[in-house]
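Participant: below are the sequence and a predicted model; questions follow.
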Amino acid sequence: MCMFEKKYTTMKLTKLTIALLSAAAVFTSCNDDDDLGEGRFDRAELYATSTANGNITVYDFSDRNNVETSTLTTVSTSNEGISYDASSNELTVASRSNGTLNTFTNIEEAVDGTTTAVTGAISSTDLTSPRAIAVSGNLVVVSDNDGDMGGPDGNEFYVYTKSGSTLTLRDRFEIPFAVWGIEFIGNDLFAVVDQTADLAVFENFAANQEDPADATDNVLTATKRITIANLGRTHGITYNADDNLLIMTDIDQASSDSDGGFNMIPNFTTEFANVANGGTLAASSQTIVKGSATFLGNPIDVKYDDETKTVFIAEIANGGGRVLGFSNIGNGGNIAPQVNNMLEGASSVEFYEED
């Protein structure tokens, strides 16, 4: 049996001009490949996209005492929405500049370089303004929001099937609210409702099929929608099953680069089930990070590392764009980030760790 106790200390990494909580551990190991006592993991990578260019910036935390960055270049000039599949060693990224969904291969090997051009499958040109990606099995869902906030036209879910190196558009659903972040929990697709503080769910999502002969069948209605108390306007969403924790970002006023935050909902599945359709999830059921010390203005995407209890944020407004990480999140409040790295146009993040 492997047993270990983690302890955390703060380390300043001048090479990246970030501060990161590094994981130190007292443990008995049964895996010679990992040395958690020295903060080493087989793999621990944070991927970040940008709307300012088509690069994917990779922060390699496999040795947390010596974090390195590398750049993956793509055929796009603007990306938003990213997902990593360890089983196929592929990154799937939505291109805002090209209107396509792209899958890039051999990522683990590519990260070893300093700057590497990545290639792979490219979908048909379907997308107008992609914002986020959610993956379930061979289904890849892209939320697309082209700025029309008043109705279903301009807010869609594009559903692709992935088979080997081929991406095929299966369905396009019109959504009767402004879309942004999406996340699968089991078979259910959860979606933030842009322009509001609401969270919606489409149960058993994959069972929905569009009818090419009847456009009205292509409007997809949420099974349930609730409001999250003490949240201004939401964009990003992520869920961790091990901690049963859901996190939603709050951009509040889009014109401000300093009023953002994020709301954490522990025991999420129970909390969500206990709120009736159209009801409000109370602030007492949440832990909220917000305030002048956070560098949060328009946080538009979020991921969570349950090993170090770190929340990673793509912040697009403050300072022109930042990748932020918060590890001292237990009590919430106006806390400073432990990761604070400038990245112009930071638009989405993905985290993968392999012990």
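Facilitator: That came in fine, so what should we check first? Numbers count the residues shown, from 1 in each chain.
Participant: sheet-wise, list the partners of the strand or helix carrying Val323 with their directions.
Facilitator: Element membership of Val323 [criterion: DSSP states H and E] is strand 322-326. The strands beside strand 322-326 in its sheet (DSSP bridges) come out as strand 310-315 (antiparallel), strand 339-342 (antiparallel).
Participant: next SSE after the shortest one?
Facilitator: Just to be clear, that refers to strand 339-342. Strand 339-342 is succeeded, C-terminally, by strand 346-354 (DSSP H and E).
Participant: spit out the contact partners of the closest residue to Thr69 other than its chain neighbours.
Facilitator: Once flanking residues are discounted, Thr69 sits nearest to Tyr59: 5.6 Å by Cβ to Cβ, 6 or more residues apart in numbering. In this view, the C-beta of every residue, glycine as well, is placed from N, C-alpha and C. Applying Cβ atoms under 8 Å, 6 or more residues apart in numbering, one finds that Tyr59 lies in contact with 16, 45-46, 48, 67-69, 323, 341.
Participant: Tyr59 and Leu169: what is the separation?
Facilitator: Distance from Tyr59 to Leu169, counting by Cβ to Cβ, to the nearest Å: 32 Å.
Participant: and Thr223, by the same measure?
Facilitator: The gap separating Thr223 from Leu169 is 24 Å, by Cβ to Cβ.
Participant: Gly279 now?
Facilitator: Applying Cβ to Cβ, the value for Gly279 to Leu169 is 35 Å.
Participant: kindly report the same for Thr234.
Facilitator: Relative to Leu169, and taking Cβ to Cβ, Thr234 is found at 27 Å.
Participant: dump the residue contacts of Gly325.
Facilitator: Applying Cβ under 8 Å, 6+ apart to Gly325 gives the contacts 18, 20, 46, 310-313, 337-340.
Participant: how about the helices in the stretch 1-150 of the chain?
Facilitator: With DSSP state H, counting those that start in this stretch as the criterion, the stretch 1-150 of the chain has helices at 107-111.
Participant: got the contact list for Tyr239?
Facilitator: By Cβ under 8 Å, 6+ apart, the contact list for Tyr239 reads 183, 185, 190, 245-247, 268.
Participant: in helices only, show me the residues you listed.
Facilitator: The helices, defined by DSSP state H, take in Phe268 from the contacts of Tyr239.
Participant: so can I have JSON lines of the contacts of Tyr239 showing pLDDT, distance to Phe173 and neighbour count?
Facilitator: Below are the contacts of Tyr239 laid out as JSON lines (pLDDT from 0 to 100; distance: Cβ to Cβ, whole Å; neighbours: other Cβ atoms under 10 Å):
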{"residue": "Glu183", "pLDDT": "98", "distance to Phe173": "17", "neighbour count": "24"}
{"residue": "Ile185", "pLDDT": "98", "distance to Phe173": "19", "neighbour count": "17"}
{"residue": "Phe190", "pLDDT": "98", "distance to Phe173": "15", "neighbour count": "25"}
{"residue": "Leu245", "pLDDT": "98", "distance to Phe173": "28", "neighbour count": "19"}
{"residue": "Leu246", "pLDDT": "98", "distance to Phe173": "23", "neighbour count": "26"}
{"residue": "Ile247", "pLDDT": "98", "distance to Phe173": "25", "neighbour count": "25"}
{"residue": "Phe268", "pLDDT": "98", "distance to Phe173": "25", "neighbour count": "21"}
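Participant: with distance to Ser285 added, can I get the contacts of Tyr239 in CSV?
Facilitator: Below are those laid out as CSV (distance: Cβ to Cβ, whole Å):
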residue, distance to Ser285
Glu183, 18
Ile185, 17
Phe190, 16
Leu245, 12
Leu246, 11
Ile247, 13
Phe268, 9
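Participant: out of the contacts of Tyr239, which is nearest to Gly137?
Facilitator: Among these, Ile185 lies closest to Gly137 (Cβ to Cβ), at 13.9 Å.
Participant: please name the bridge partners of the residue lying closest to the closest one once chain neighbours are set aside.
Facilitator: Distances taken as Cβ to Cβ, 6+ apart place Tyr239 nearest to Ile185, at 5.3 Å, with adjacent residues excluded. Per DSSP bridges, the residues bridged to Tyr239 are Leu246.
Participant: before we move on, the earlier item: the residue nearest to Thr69 bridge partners, please.
Facilitator: Taking DSSP bridges as the rule, Tyr59 bridges to Leu46, Thr69.
Participant: quick one: it from Leu245, how far?
Facilitator: 22 Å.
Participant: lowest-pLDDT helix or strand in the protein?
Facilitator: Ranking every helix and strand in the chain by mean pLDDT, DSSP states H and E puts strand 3-13 at the bottom, with a mean of 28.
Participant: okay, Thr234 and Leu169: which has more neighbours?
Facilitator: Thr234 (26 against 15; other Cβ atoms under 10 Å).
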